[in-house]
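Chemist: Sequence plus predicted model, see below.
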Amino acid sequence: MPGNRRINQQRKRIRKRPGAIAVTSLGLASLLLTGCGPAESGTPTLTWYINPDAGGQAAIAELCTEEADGEYRIETSLLPNDAAAQREQLARRLAANDTSLDIMSIDPPFVPELATFLAPVPEDIAQSTTENTLEGALAGAKYEDKLVTVPFWANTQILWYRESVAEEAGLDMSQPVTWDQLMEVAAAQDVELGVQGSQAESMTVWINSLIESAGGTILENPEAPADEIELGLASDAGREAARIIGTIGDQGLGGPGLATSTEATSLTEFQGESGSFMVNYPFVWPATQGAVEGGSVDQAVLDDIGWALYPRVSEDEDSAPPLGGINLGVGASSDNPELAYQAVECIVQPENQTEYFLTNGNPPSSSEAYEDPRIEEQFPMAETIRESLENAAPRPQTPFYNEISSGLQQTWTPPEGVEPETTPEESADFITAVLRGERLL
Amino acid sequence: VTSAITKNPEAMKTEGRRNNDYSDRAKSERRLGWMLAGPAFIIMLAVTLYPILQAFFDSLYAFRLTAPDEREFVFIQNYVTILSDPVWWRDLLVTLLITVVTVAVELVLGFALALVMHRALKAVRGWLRTAILVPYGIITVVSAYAWFYAFDISSGYVNSWFDWVPGIDQDLNWFAQASTALPVIMASEIWKTTPFISLLLLAGLAQVPDELTEAAKVDGATWWEQMRKVIIPNMKAAIMVAVLFRALDAFRIFDNVFIMTNGQYGTEVLSLLAYRTSISRLEIGLGSAVSVLLFACVLLISFIAIKVFKVDLAGSTGGKR
């Protein structure tokens, strides 16, 4: 065949000239090293570092590239799977002044630490992107009272429950419930509470919400340098949080797997026979629907699932549910910060947030985005999520969040070892020693 | 591997003595040797020596990656902090425990497997070696996940298969305390790397001259006596190489612990501590100090092993006793 002959001839030619191979491979290597193919000349390319999702962010990137009409092009680049590893990669790149960090998807607790490496949000963009932002989500995007990132989508935990269990216990789920009520039901009916007791970020999420719900706060002075940080752990609110976690651990109300349970494992338990109440993120709904379609969970389980706001610590005080999600930041070393902020403005449009919720299951941070009727249809708990986001409390906002969080995780686990009289104080002492550089973590 | 190591020290000594009276041919061979090995040597220096020196330099500073302006020279303060912290000693203890237990068990199992491979009929030998080597061919992270999911309380099958064993029941959460998590981690490590040790031992077994065992047989030695008096003394060098390699490897254990427990509930090892301090906390100074100390531990193990190793080497080659 003529094609084959041509290839053979080429091979012969290459064989005769070893220099040619070297040149070609050098050329290829330099292409690989710079990561560039033939670029569209003239159109600046913005790189958006995204956390893994079901393809929603890539779709929005395409949409905004089209809308920009040649002004810029957005390319996505994938960050690692878990939030901690995402932070590690972003921090390392930002500290090295990586100019490719145009737009970044950042988990709210890491915002203060990375804030020094971010380009300031222009006034007009700050105005236009936060007009209808839910309160909790807005708080998570700020540091030292200034907007340093733009809220994109917001996550929160709500209380998922099995209607059959609540009914048998005679709980009126249209009214707010407290942790004490849930613990009573779990003890009386021999069912398991779905909480996350593993030595992981989910533990900090739980502790923070309990303390905030009890009217306290983990970090008293967020703006202080590391060696002057004061913690509000050894307080009534801290002891109350320790009492709840310790009781659930001690009495085995979280099941035998409590000490290693994460969001995913507590969902599995919740779908099982001993499922009762569970605090968890909205992914529970699409995940259970998927499991029903896949045949691993009965339709009856899905029909039995109800939802309510995050449980209260005290009867007469609103709960402060956990806050998560993704904010968008622009790197200070970016070659095109203005264009990047234009792109951010496009990305976080309420319509895009709505679409992202519908396709990827990640709730919007803008209240306007909840108005689309399709949302109510696909996510019947959307209203609860929206309300939860209004009350949600961010985790401690400090550049030393990682130390505080890891310190809490190490001292408040396993849950059965948590004692209201000693744990809060010990953990405060430990974390302050770590922050002063006197202890290893 | 063994023969190269057994011969080298002697050969090197002679070469050193006669450095000046090389023949032209030997000189040009030496030059060729340097030209061939030189580039690799320089690259090795660049990718290993430079980072080691950099880590040592960084370890003298209080330096957080996200606060580059606050970098401060603290001399040996980082080392003082680490060595006076119970976390370091706990992690060192866990690491040593894992090293000693896994290497000891692997040595026994590996020796048994090497014997089986050595004695197996020619027809099945190839199959047998492949089968034994399979775990070693699996990526550690993958095998760690496999073991994790087998023992995990919500998805594992071990609890329901082995609930007739005293102490194991449906509610046993293997990864919730060190006393049960560490054995799982060690078992996975043993399963994964025994083939490696058995290969090294097989090479040693193949070096034991048949005449010796035959002579022992003729003299009426039992199987155990042949083992103890002929085979094992003759493969001491191979055993020591295997132990040294595996001990160094086991001491740097990371993947299994990272996947199965991520160091929670007292299962943290030194590599994980170094990782968490440098990479997660971004404390480059403190983290580098942990890495330097870890490196010092590895050096110490090598030093001790090679000292011991040398004695055995002389014994096995019939030299000084």
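Modeler: That came through, no problem.

Chemist: Using the three-state scheme, assign the residue lying closest to residue A:191 once chain neighbours are set aside.
Modeler: Closest residue to residue A:191 apart from its sequence neighbours, by CB to CB, 6 or more residues apart in numbering or on different chains: residue A:276 at 3.7 Å. For glycine as for every other residue, the C-beta is placed from the backbone atoms N, C-alpha and C. Using DSSP: H, G, I helix; E, B strand; the rest coil, the secondary structure recorded for residue A:276 is strand.

Chemist: tell me the contacts of residue A:276?
Modeler: Listed by CB atoms under 8 Å, 6 or more residues apart in numbering or on different chains, the contact partners of residue A:276 are A:161, A:162, A:165, A:182, A:185, A:186, A:189, A:191, A:192, A:193, A:194, A:270.

Chemist: 7 Å instead, please
Modeler: A:161, A:162, A:165, A:185, A:186, A:189, A:191, A:192, A:193 (CB atoms under 7 Å, 6 or more residues apart in numbering or on different chains).

Chemist: One more: residue A:52?
Modeler: Neighbours of residue A:52 in contact, by CB under 7 Å, 6+ apart: A:78, A:81.

Chemist: Report the separation between it and residue B:142.
Modeler: For residue A:52, the distance to residue B:142 (CB to CB, to the nearest Å) stands at 20 Å.

Chemist: now swap in residue A:57 and tell me
Modeler: Residue A:57 sits 28 Å away from residue B:142, going by CB to CB.

Chemist: of the two, who's got more company?
Modeler: The neighbour count for residue A:57 versus residue B:142, taken as other CB atoms under 10 Å in any protein chain shown, is higher for residue A:57 (28 against 12).

Chemist: Would you confirm that residue A:381 contacts residue A:308?
Modeler: No: using CB atoms under 7 Å, residue A:381 is not in contact with residue A:308, being 9.1 Å away.

Chemist: between the two, what contacts are shared?
Modeler: Counting by CB under 7 Å, 6+ apart, the residues touching both residue A:381 and residue A:308 are residue A:158.

Chemist: got the buried residues for stretch B:287-303?
Modeler: B:287, B:288, B:289, B:290, B:291, B:292, B:293, B:294, B:297, B:301 (16 or more other CB atoms under 10 Å in any protein chain shown).

Chemist: err, stretch B:215-229, not the other one
Modeler: Buried, per 16+ other CB under 10 Å, within stretch B:215-229: B:216, B:221, B:226, B:227.

Chemist: who touches the first one in this structure?
Modeler: Spelled out, that is residue B:216. When contacts are counted by CB under 7 Å, 6+ apart, residue B:216 touches B:226, B:230.

Chemist: Against residue A:215, how distant is it?
Modeler: In this view, residue B:216 and residue A:215 are 82 Å apart by CB to CB.

Chemist: And for the third one?
Modeler: Using CB to CB, we find residue B:226 at a distance of 78 Å from residue A:215.

Chemist: how many neighbours does the residue of the stretch 301-441 of chain A found nearest chain B have?
Modeler: The stretch 301-441 of chain A approaches chain B most closely through residue A:440 (4.4 Å), counting by CB to the nearest CB. Residues lying near residue A:440 (other CB under 10 Å) number 22.

Chemist: Repeat that for residue A:75.
Modeler: Summarising burial for residue A:75: neighbours were counted as other CB under 10 Å, giving 14.

Chemist: If you count neighbours, what's buried in the helix or strand it falls within?
Modeler: Per DSSP states H and E, residue A:75 falls inside strand A:73-78. Buried residues in strand A:73-78, counting neighbours by 16+ other CB under 10 Å, are found at A:73, A:74, A:76.

Chemist: Then stretch A:430-441?
Modeler: For stretch A:430-441, the neighbour count (16+ other CB under 10 Å) marks A:430, A:431, A:432, A:434, A:435, A:437, A:439, A:440, A:441 as buried.

Chemist: Show me the shaky parts of the chain.
Modeler: Went with chain A since none was named. Scanning chain A for pLDDT under 70 picks out A:1-41.

Chemist: that's the wrong chain, I meant chain B
Modeler: Along chain B, segments meeting pLDDT under 70 span B:1-21, B:309-321.

Chemist: any chance you could map the strands in chain A?
Modeler: Secondary structure of chain A by DSSP state E: the strands cover A:45-50, A:73-78, A:103-106, A:142-143, A:146-147, A:150-156, A:158-162, A:192-194, A:275-280, A:305-308, A:323-330.

Chemist: Please tabulate those strands in CSV, including the columns distance to residue B:280.
Modeler: Putting those into CSV (distance: least, CB to CB, whole Å) gives the following:
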stretch, distance to residue B:280
strand A:45-50, 19
strand A:73-78, 20
strand A:103-106, 16
strand A:142-143, 21
strand A:146-147, 27
strand A:150-156, 22
strand A:158-162, 29
strand A:192-194, 27
strand A:275-280, 25
strand A:305-308, 34
strand A:323-330, 19
